[in-house]
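A.B. asks: take this sequence and fold it.
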Amino acid sequence: MSQAAARHWSVEEFLAWQLGRPGRFELVGGFPVEMMAGASARHDNIVLNILAELRQRLRGNPCKPFTAQFCIETLPGQVRRPDAGVDCNQTDPDALIANEPVLVIEVFSPTTRDFDTAGKLAEYKAVASLRTILYVEPNRPEVFVFERNEDGEWIESRLAGMDTAAPVPALGIDLPLAEIFDGVEFPTGPYLA
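C.D. replies: Numbers count the residues shown, from 1 in each chain. Next up, the predicted model:
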């Protein structure tokens, strides 16, 4: 891989290279970067809860949820893999990249929290089709919502408590925190994701 990685890859080259390869990679600055492995059970349970809710709430809708195995192009030549998302224009069953992502969701982890809230957030906001970005705090019932308004401005809000719901107006749904965190035990000591 060292010779191939010495030059900037196109998205198409990256996606072809990734097929059948173990592990998950993102294309960052024209180079493949392996993603950290080893999400906690809490993190994984939250992601599964979110995907189950999205599938249920979008049943019969042309917009479809996707997992971190699927990806989005955040900047020209830059590919990211959010924990979950929704694509509203996927017509190719063999596609590897979202055509029209309208929602992305990241569940914080200790190794990615800082980058998720700084660099990756800016990249997601640059995706023209994205309307909602959700960041989920795994250590307490809390979700950070970034919603693009009709003027193209991003409005940030913080939701806390199991009796609240994260709105996703572009999809006409809400994601109740009680469902996102169903069966999740929160830590009482130092926070780990």
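
A.B. asks: setting aside sequence neighbours, what's the nearest residue to the most centrally placed residue in the chain?
C.D. replies: Geometric centre of the chain, nearest residue: residue 82, 2.6 Å, by Cα atoms, centre = their mean. Nearest non-adjacent residue to residue 82, counting by Cβ to Cβ, 6 or more residues apart in numbering: residue 104, 4.1 Å away. (C-beta placed from N, C-alpha, C; glycine too.)

A.B. asks: tell me, how many residues neighbour residue 151?
C.D. replies: 6 (other Cβ atoms under 10 Å).

A.B. asks: can you confirm it is in a helix?
C.D. replies: No. Read with DSSP: H, G, I helix; E, B strand; the rest coil, residue 151 is coil and lies in no helix.

A.B. asks: OK, contacts around the residue nearest to residue 82?
C.D. replies: 72, 82, 84, 85, 124, 130, 132, 133, 134 (Cβ atoms under 8 Å, 6 or more residues apart in numbering).

A.B. asks: need the pLDDT of the first one.
C.D. replies: Pointing back at residue 72 there. pLDDT for residue 72: 95.

A.B. asks: what comes up buried for the strand or helix carrying it?
C.D. replies: Using DSSP states H and E, residue 72 sits in strand 72-75. Buried residues in strand 72-75, counted by 16 or more other Cβ atoms under 10 Å: 72, 73, 74.

A.B. asks: so which elements touch the helix or strand just after it?
C.D. replies: The first helix or strand that comes after strand 72-75 along the chain, using DSSP H and E, is strand 78-80. Secondary-structure packing of strand 78-80 (3 or more Cβ pairs under 8 Å, 6 or more residues apart in numbering; DSSP states H and E): helix 11-18, strand 25-28, strand 72-75, helix 121-125.

A.B. asks: give me the contacts around strand 78-80.
C.D. replies: Outside strand 78-80, the residues that reach it (Cβ under 8 Å, 6+ apart) are 11, 14-15, 26-29, 71-74, 97, 120, 123-124.

A.B. asks: let's see it at 7 Å
C.D. replies: Identification of contacts with strand 78-80 by Cβ atoms under 7 Å, 6 or more residues apart in numbering yields 11, 14, 26, 27, 28, 71, 72, 73, 74, 97, 120, 123.
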